[in-house]
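# for reference, the sequence and a predicted model appear below.
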Amino acid sequence: MLLNIALIIIACLEASYYFRAEDQGTLIFVPLKVNLLLLGYIVLQFLKRIIFKYRNWWDWIYFIGMIGLILPVFFGEHITYTFLFVLTGAGVVLLILPPLLDSFKLLWYER
């Protein structure tokens, strides 16, 4: 459960950066702190895969979320700000979703 809480906190910190973005440059040129948070999220997800052997259908969703956060770095100059904001917003939501669903599952089966 602590692992899921850490993942949710990291995903919420990522969300706070991307949802406060005011221009296209902040979505393209991401600070090192935010990238390190994303790296920490990836490490925690791999730890979760090692610790818990059972895989859920939603365990792969965060990969799509990471793609949504990485694509603006490569294609940000050629895409409008609105599309970049929607893409990164969807990416952040897809980062939050797997640990939330895991937490709900853990709480549901503990009853």
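Right, received. Where do you want to start? Numbering: from 1, shown residues only.

# please count neighbours and contacts with C-alpha atoms only from this point.
OK.

# quick one: contacts for the residue nearest the centre of the chain?
Compute the mean C-alpha point of the chain, and by C-alpha atoms, centre = their mean the closest residue is Leu95, 2.7 Å away. Under the criterion of C-alpha atoms under 8 Å, 6 or more residues apart in numbering, the contact partners of Leu95 comprise 11, 61-62, 65-66.

# for Trp60, what are phi and psi?
The main-chain torsion angles of Trp60 are listed as degrees, to the nearest 10 and equal phi -90, psi -10.

# with Ile79 instead?
Backbone dihedrals for Ile79, given as degrees, to the nearest 10, come out at phi -120, psi 150.

# what's around it, how many residues?
Residues within reach of Ile79, counting by other C-alpha atoms under 10 Å, total 11.

# swap in the one 5 residues further on?
Leu84 has 24 neighbouring residues, counting by other C-alpha under 10 Å.

# thought it was touching Gly76?
Yes. Contact criterion C-alpha atoms under 8 Å: Leu84 and Gly76 qualify, at 7.1 Å.

# right, I'll call it a day here.
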